[in-house]
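Engineer: Just need the structure, nothing else, for what follows:
(one chain, ligands or ions: 1)
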Amino acid sequence: MGDYVIETNQLTKLYVGNKGCQDITIQVPKGNVYGFLGPNGAGKSTFVRTLLGLIQSTSGTGTILGHPISSLESRKKVGYLPELFRYPDWMTGRQLLRFHSEMCQLNSKQQKMRIEELLDLVGLHNRGDERISGYSKGMQQRIGIACALVSDPEVIFLDEPTSALDPIGRKEVRELIRDLQMQGKTIFLNSHLLSEVETICNHVAIINKGRLIVQGDWRELSAIETQIEITLSGIENLSFDAMPELVLGSEKIRTEKGKESWMLTLKDEESIPELISALTVKQGKLYQVIRQKQNLEDIFMYWINRQEEVEHVANR
Ligand SMILES: Nc1ncnc2c1ncn2[C@@H]1O[C@H](COP(=O)(O)OP(=O)(O)OP(=O)(O)O)[C@@H](O)[C@H]1O
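Structural biologist: Residues are numbered from 1 along each chain as shown. I've put the predicted structure just below:
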């Protein structure tokens, strides 16, 4: 198994009409919060449900904790919170957890301990005897996560755990995910909220139209050129067109008190010091150089658009 908790090899589930997910090969490192990203209908839920053995794969293989997917062993140490879950809302949080503990065959002593531990973990200790109908959406999400944790799973699948929540609820769930990671759990997270994924995930996989486009540490998936904002004065009729080997694109964004600010797209990181030397030689006075950071949304859009372009060229 190595250090990977989940490994798949060309795992495929095709429905009638060839929709679903196809030839997905991923490795999920132990102890990671792994972001599984893709536009609507990309095949994320299909892949997760195939991994969990809830639907039968068409071809390919996969293991969870070294055990083949669909086997009892692979399911034993897995927790799952589906996107659209609903619990009987006349139950109290404590009763719901007891029901889940019984399904996990915990004896009554184990049940008591586990229920109190989980209510504590999800911050509902004082609210466990209230009916779920009176819970806020954030509390409902947290009791849902508690249910997914009853069997003390090593791997937890969370499908869009924060998309229905307000910023406070999102923060609570994010902190809970971090707590779980600190306990050594591996979390497989399906989400559309890229700004959120960015703060809690290092590794991501991006899928589109049922196929994996790329996976890895998202900060290393950047293939977009370097961008800087530069503010300077002292060079008359400044133009970057004469430096095509360094500057791939330029746009003047403002002029203020004789200082010009430009947004520049450079070939690579090494072009920054070279450009600054070239401008100094021209007697330019530099006031600031701000490196534009790429966020996960930029990277996501880059890979999705790139795949669309490749397909477009192939279909011509
Ligand atoms: N039971 C099914 N029968 C036939 N087609 C299906 C079935 N379930 C999903 N699909 C199709 O498979 C594709 C992938 O769907 P899936 O629900 O896995 O995507 P998703 O990435 O989870 O989407 P979303 O983000 O909108 O939840 C879609 O085109 C969908 O219409």
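Engineer: Look up how far Gln227 lies from Cys21.
Structural biologist: Distance of Cys21 to Gln227, given as Cβ to Cβ, to the nearest Å: 34 Å. The way it works is simple: take the backbone N, C-alpha and C, and place the C-beta from them, glycine included.
Engineer: And for Ala164?
Structural biologist: Separation of Ala164 from Gln227 (Cβ to Cβ): 34 Å.
Engineer: would you list every one of the strands in the stretch 51-200 of the chain?
Structural biologist: Ranges of strands in the stretch 51-200 of the chain, per DSSP state E, counting those that start in this stretch, are 59-64, 67-68, 78-81, 155-159, 186-190.
Engineer: With mean neighbour count, mean pLDDT and distance to the ligand as extra columns, can I get these in JSON lines?
Structural biologist: Below are the strands of the stretch 51-200 of the chain laid out as JSON lines (neighbours: other Cβ atoms under 10 Å; pLDDT from 0 to 100; distance: least, Cβ to the nearest ligand atom, whole Å):
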{"stretch": "strand 59-64", "mean neighbour count": "19", "mean pLDDT": "96", "distance to the ligand": "16"}
{"stretch": "strand 67-68", "mean neighbour count": "14", "mean pLDDT": "94", "distance to the ligand": "21"}
{"stretch": "strand 78-81", "mean neighbour count": "21", "mean pLDDT": "92", "distance to the ligand": "14"}
{"stretch": "strand 155-159", "mean neighbour count": "23", "mean pLDDT": "94", "distance to the ligand": "8"}
{"stretch": "strand 186-190", "mean neighbour count": "24", "mean pLDDT": "94", "distance to the ligand": "7"}
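Engineer: what's the neighbour count on Tyr15?
Structural biologist: 11 (other Cβ atoms under 10 Å).
Engineer: Now the nearest residue in space to it that is not next to it in sequence: which helix or strand?
Structural biologist: Residue nearest to Tyr15 in three dimensions, not counting chain neighbours: Thr46, with 7.8 Å by Cβ to Cβ, 6 or more residues apart in numbering. Thr46 is located in helix 44-51, with elements delineated by DSSP states H and E.
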